[in-house]
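Participant: Got a predicted structure plus its sequence, pasted below:
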Amino acid sequence: MSIPNSMPISMPAPQESRYPAAYAQSIEHPDIFWGEAARAIDWYVEPRTIFDPAAGVYGRWFVDGVTNVCHNAVDRHVAAGHGAVAAIHYDSPVTGAKRTITYAELLTEVNTLAGVLRDLGVEKGDRVVIYMPMIPEAVFAMLACARIGAVHSVVFGGFAAAELASRIEDAQPKLVLSASCGIEPSRIVAYKPLLDLALTMATHKPEACLVFQRPQTQAQLLPGRDHDWASLRASAMAEGRGAEPVPLAATDPLYILYTSGTTGKPKGVVRDTGGYMVALRWSMSGLYGVEPGEVFWSASDIGWVVGHSYIIYAPLLAGCTTVLFEGKPVGTPDAGVFWRVIEEYRVSALFTAPTALRAIKKEDPEGLLMRRYDRSSLRNLFLAGERADPDTVEWAQAKLAVPVVDHWWQTETGWAIAGNPVGLGALPIKIGSTGVPMPGYQIDILDEGGHPLGANRMGSIAIKLPLPPGCLPTLWRQDFRFTEGYLAEFPGYYKTADAGFCDEDGQLFIMGRTDDIINVAGHRLSTGGMEEVLAAHPAVAECAVIGIHDELKGEVPCGFLVLKSGVDRSPALIEAEIVALVRERIGPVAAFRIAITVNRLPKTRSGKILRGTMKKIADAQAWNMPATIDDPTSLEEIADALHARGLTKVSAA
Ligand code: COA
Ligand code: AMP
C-alpha cells in the first residue's frame, strides 16, 4: 500500500503543546496521570488503587472506587447550581420538533424514569435493552439505567429483527425499552413489529417492555407484557416517585454495546463505570478542548459507540450542552442543516463521520449553503468512524476555515486511541493521519511475527497492555472470546485489527482492517456475517462478500454467489432475493445492494477464497497474481463480472 503525502497545516508549534509531557506521564506514571484525572469525578469512595494488574483479564482500573455515572452526568451539575443550564438541545428536522432540556429538567425526567424501571422490577446488574430512535427519552433511558446500576444495551434502529434478537439472547434483559417508531427521511420505521418479531425469535423473554408512543405511529401493546411509557411516567411523576443514584463499584458494568466481529454473532463490548468516566472527562478538555457550559455536537446515533460516549456521557459529565440531532446531513431538508444547527445552538465542536461530509460536499460543493449561516462559534471539526480521505478533509478545511481533526477509535476502546490533542495545544495536522496516541495508549506497529516495525513501515497496529481507562475490560460473559480474539495473537498486546503505520513524528496512519470488517457510511459491518446470510439461501452453493470502494459511503458490500447445480431460476431473481434477505436478516444499515452470480470463486490450491485480491480488482488497485492460486483465469472472471455491472473503472490485472 502506498503511503500518502503528509501535509502539515498551520497550527501551533509542537513545543507549545502540553501533549508530550502529558503523554509521557501517562505511560511512565499512570497512577499519577489517571489519579489526577480521577479528581474531576465525584466518588462515594475515592479509589486508592488506580490500577490493579491482578484483577480481570488484563487488570482493572480504580478497583476500590465507588461512584455513579448518572450522579456525575446530571445530579452534580444541579447540586452545583447549574440546573438552569441546557443539558440537551433536541433538534429533529425529520419531525419539525425542537426542545431544550435543562440539567434540572433532565434530573427530573431521569429520576422519574429510574423509579418506573424500579417499579418494573429492574435492579442493579439487570440488563435493559434499549431499541429507540434519537429522541430525548432514549437519553433518559440510558441515564436512568446508569442511575440504578442496570446495564443498558442500546441496539441501533437500522438493524433487523434477527440482529435485535441475537442481542436480546446474549444480554438476557429483564426489560426492553422501545418506541413506536423511528423516522427516516423516506419512511417511518415501525419499531414495535420488529421488536415483537425479535421477541418471538429469541428464546430469552424479558419480563416487560416499556414503549414510548410517538405521534407518527401508534404501537400495539401486548396486555400483560407491554407498558405505555407516558402513563407510567405520569403516575410516577404525580406521586413524586423516583430512584436515587446507586453507589457502584468503578468496575461494575455501565453498558454492553454489541459490535460486529468476524462471524454473524455480535460481540458484547463491556464498558465499566469508573474508568470510562475518568477517560471521557479527560478527553473533553484534553482532546476536544471544550469547557463546561459549551455546546458539543456529535452528529452520530445513540446506537453507536460515538453516540454513547459523545452524544451522551462525555458532554454531560463535563457539564456541556449536547445536541441530539434526529436528521441526516443531507435531505433534512438540505445540505445546510449542519450549519444551521451550529448557528442556532452556538456549537463549539462538531464530531461527525467523513461520509457525512462527503454527502454534504456532493450536494453543495461550493459551500453556498454553509455561507448562509453564522458558524463563528465552531472552533474544530472532529472526524472518526472511517478513513478520512484527504479530498474531503481539504474541502472541509477550506470551506469551514477551522481545523479538521481526524481521530481514530473503536467500539472496544470507547474513546480515541489516537487524535490531535486540541485541548493540550494542537500539534501540526497532517492530512491523512489520525494524529498521535492519546494518554495511556502505547502503540506499536507489528510484523506478522509480532515484532515492532520502524517508522513508515506498514503492519498490524497493536496496543500494549494494559489498555487505558475507558477501554473494554472483556466481552460480556465471554472472557475466553475476548482473550482469543484480541490478546492471543500478539502476547502482551491488544490487537486492534487495523493496519497502518507510524511516521517519524509518531503520527499514525490507519490504512484498513486486517479482518473481514468493512465500514459502510461509518457503520461497522461484518462481511462474514453477510456471508452467513447468503449461504443460508437454498440456491447458493458458495459465496464471498467483500467491501468495495464507494464515493459516498467509503465502502459498500458486494456479494458473489455460485449457484447450486440444478437451480433452474434465473440468477437475477436469486440475486434480488439475496439482497432482500440481507435487508431482512441484518437490516437496511448493511446497504447490501450488489449480488453477482459467477460460475466459481477464485481460490488458492488449499481452497481459501481470494477475497483480498477480488477487492483490489474491484477497487482498480494494483494486485499481484497470488502464487498459490488454483486457476488464474478465475480472477479474470471476477474482473469481467464486475466490469459487466459497471463496477470497475479499469481492469487492473
Ligand atoms: N433506523 C432505521 N433505518 C435506518 C437507520 C435507523 N436509525 N439509519 C439508517 N437506516 C437505513 C436508511 O434509511 C437506509 O435505508 P434504505 O436502504 O431504505 O435507504 C439504510 O439504513 C442505509 O442508511 P445510511 O447508511 O445512513 O445511508 P443513507 O443513504 O440513508 O445516508 C449518509 C447516507 C451519508 C447521509 C448517512 O449514512 C450518514 O449520515 N452517515 C453518517 C454516519 C455516522 O454518523 N456514523 C457514526 C459513526 S461516527
Ligand atoms: P467502530 O467500532 O464502529 O467505531 O469501528 C472501528 C473501526 O472503524 C476501526 O477499527 C477502524 O477500522 C475504523 N476507523 C475508526 N476511526 C477511523 C479513522 N479516523 N480513520 C480510519 N479508520 C477509522
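Facilitator: Yes, it's here. The shown structure was predicted, so the numbers you read here are calculated from the model rather than taken from an experiment. Ligands and ions are numbered 1, 2, ... in the order given.
Participant: and this structure, which of its residues are near ligand 1?
Facilitator: The chain comes close to ligand 1 at residues 157-158, 182, 184, 186, 189, 299-301, 304, 306, 328-330, 352-353, 355-356, 359, 384-385, 521-522, 588-589, 591, as judged by C-beta under 6 Å from any ligand atom. The way it works is simple: take the backbone N, C-alpha and C, and place the C-beta from them, glycine included.
Participant: one more time with 5 Å, if that's ok
Facilitator: Within the chain, the positions adjacent to ligand 1 are 157-158, 182, 184, 189, 300, 304, 306, 328, 353, 355-356, 359, 385, 521-522, 588-589, 591 by C-beta under 5 Å from any ligand atom.
Participant: Filter these down to the ones in strands?
Facilitator: With strands taken from DSSP state E, the overlap with those comprises 182, 184, 189.
Participant: Including neighbour count, distance to ligand 2 and pLDDT, could those go into TSV?
Facilitator: TSV is the format used below for those (neighbours: other C-beta atoms under 10 Å; distance: C-beta to the nearest ligand atom, whole Å; pLDDT from 0 to 100):
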residue	neighbour count	distance to ligand 2	pLDDT
182	25	19	97
184	16	20	96
189	17	21	96
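Participant: Secondary structure element holding residue 89?
Facilitator: According to DSSP states H and E, residue 89 maps onto strand 86-92.
Participant: Sort out which of the residues of the chain next to ligand 1 are buried, if you could.
Facilitator: Buried members of the residues of the chain next to ligand 1, scored by 16 or more other C-beta atoms under 10 Å, are 157-158, 182, 184, 189, 300, 304, 306, 328, 353, 355-356, 359, 385, 521-522, 588-589, 591.
Participant: circling back to that earlier point, any chance of a markdown table for the ones in strands among the residues of the chain next to ligand 1, columns distance to residue 429?
Facilitator: A markdown table is the format used below for these (distance: C-beta to C-beta, whole Å):
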| residue | distance to residue 429 |
| --- | --- |
| 182 | 36 |
| 184 | 35 |
| 189 | 38 |
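Participant: Which secondary structure element is home to the residue sitting furthest away from the middle of the chain?
Facilitator: For the chain, the residue at maximal distance from the C-alpha centroid (C-alpha atoms, centre = their mean) is residue 566, at 43.2 Å. Assigned by DSSP H and E, residue 566 belongs to no helix or strand.
Participant: for the chain, what are the low-confidence residue spans?
Facilitator: Along the chain, segments meeting pLDDT under 70 span 1-15, 649-653.
Participant: ok so, going back, in helices, which of the residues of the chain next to ligand 1 fall?
Facilitator: 306, 355, 356, 359 (DSSP state H).
Participant: quick one: contacts for the residue nearest to the third one when sequence neighbours are not counted?
Facilitator: Sequence neighbours aside, residue 329 is the residue nearest to residue 356 in space, at 4.0 Å (criterion: C-beta to C-beta, 6 or more residues apart in numbering). When the contact criterion is C-beta atoms under 8 Å, 6 or more residues apart in numbering, the partners of residue 329 are 299, 335, 337, 338, 352, 356, 357, 359, 360.
Participant: Describe which strands the strand holding residue 89 pairs with in its sheet and in which direction.
Facilitator: Neighbouring strands of strand 86-92 in its sheet, by DSSP bridges, are strand 97-102 (antiparallel), strand 321-325 (parallel).
Participant: where's the residue nearest to residue 356 relative to residue 132, distance?
Facilitator: Noted for residue 329: a distance of 21 Å to residue 132, by C-beta to C-beta, to the nearest Å.
Participant: residues in the stretch 301-450 of the chain within reach of ligand 2, list them.
Facilitator: Contacts of the stretch 301-450 of the chain with ligand 2, taken as C-beta under 5 Å from any ligand atom, map to 384, 387, 406, 408, 410, 411, 434.
Participant: Most neighbours among these, please name it.
Facilitator: residue 408 (28 neighbours; other C-beta atoms under 10 Å).
Participant: what separates it from residue 292, distance-wise?
Facilitator: 26 Å.
Participant: which stretches of the stretch 401-550 of the chain form strands?
Facilitator: For the stretch 401-550 of the chain, the strands defined by DSSP state E, counting those that start in this stretch occupy 404-406, 418-419, 429-430, 436-437, 443-446, 459-464, 493-502, 508-513, 517-520, 523-526, 540-550.
Participant: and of the ones you listed, who's closest to residue 119?
Facilitator: Closest approach to residue 119 among those is made by strand 523-526 (35.6 Å; C-beta to C-beta).
Participant: Which strands and helices lie in contact with the closest one?
Facilitator: If you count contacts as 3 or more C-beta pairs under 8 Å, 6 or more residues apart in numbering; DSSP states H and E, strand 523-526 packs onto strand 517-520.
Participant: ok, residues contacting the strand it packs on?
Facilitator: Residues from elsewhere that reach strand 517-520, judged by C-beta under 8 Å, 6+ apart: 260-262, 385-387, 497, 513, 524-527, 546-547, 550, 553-557, 589-591.
Participant: PyMOL command for the buried members of those?
Facilitator: Buried residues among the contacts of strand 517-520 (16+ other C-beta under 10 Å), as a PyMOL selection:
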select buried, resi 260+261+385+386+387+497+524+525+526+527+546+547+550+553+554+555+556+557+589+590+591
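Participant: Any idea which of the strands of the stretch 401-550 of the chain gets closest to residue 616?
Facilitator: Of all the strands of the stretch 401-550 of the chain, strand 540-550 sits nearest to residue 616, with 9.6 Å by C-beta to C-beta.
Participant: Need the CA coordinates for the closest one. CSV is fine.
Facilitator: Once non-C-alpha atoms are left out, strand 540-550 reads as follows in CSV (Å, rounded to 0.1, in the frame of the first residue of the first chain):
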residue,chain,number,x,y,z
VAL,A,540,-26.5,-20.8,-3.1
ALA,A,541,-23.6,-23.3,-3.2
GLU,A,542,-20.8,-20.9,-2.3
CYS,A,543,-20.4,-17.2,-1.7
ALA,A,544,-18.0,-14.4,-0.8
VAL,A,545,-18.7,-10.8,0.3
ILE,A,546,-16.1,-8.1,0.0
GLY,A,547,-16.2,-4.4,0.7
ILE,A,548,-15.7,-2.3,-2.5
HIS,A,549,-14.9,1.4,-2.7
ASP,A,550,-17.8,3.8,-2.8
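Participant: Can you name the residue of the stretch 301-450 of the chain nearest to ligand 1?
Facilitator: In the stretch 301-450 of the chain, the residue that lies nearest ligand 1 is residue 385 (3.4 Å; C-beta to the nearest ligand atom).
Participant: and that residue, what is it in contact with?
Facilitator: 300, 304, 306, 353, 354, 355, 519, 522.
Participant: correct me, but the fourth one touches residue 521?
Facilitator: Yes: between residue 353 and residue 521 there is a contact under C-beta atoms under 8 Å: 7.2 Å.
Participant: Backbone dihedrals for the residue nearest to residue 356, please?
Facilitator: phi -70, psi -20 (degrees, to the nearest 10).
Participant: I'd like to know how far it sits from residue 247.
Facilitator: To residue 247, residue 329 is 41 Å away according to C-beta to C-beta.
Participant: same deal with residue 284?
Facilitator: Separation of residue 284 from residue 247 (C-beta to C-beta): 24 Å.
Participant: Tell me which of those two has more neighbours.
Facilitator: More crowded of residue 284 and residue 247, by other C-beta under 10 Å: residue 284, with 25 against 15.
Participant: how about the nearest residue to the more buried one, chain neighbours excluded?
Facilitator: Leaving aside its sequence neighbours, residue 284 sits nearest to residue 318 (C-beta to C-beta, 6+ apart; 4.0 Å).
Participant: Okay, helices next: where are they in the stretch 1-150 of the chain?
Facilitator: Along the stretch 1-150 of the chain, counting by DSSP state H, counting those that start in this stretch, helices occupy 19-28, 30-37, 69-70, 76-77, 103-119, 136-148.
Participant: Not counting the fourth one itself, show me its contacts.
Facilitator: Contacts with helix 76-77, where a contact means C-beta under 8 Å, 6+ apart, come from 42, 83, 85, 87, 103, 316, 319.
Participant: First-to-last residue distance for stretch 353-373?
Facilitator: With C-alpha to C-alpha, to the nearest Å applied, stretch 353-373 spans 21 Å between its terminal residues.
Participant: scratch that, stretch 598-615 is what I was asking about
Facilitator: So stretch 598-615: terminal residues 15 Å apart, C-alpha to C-alpha.
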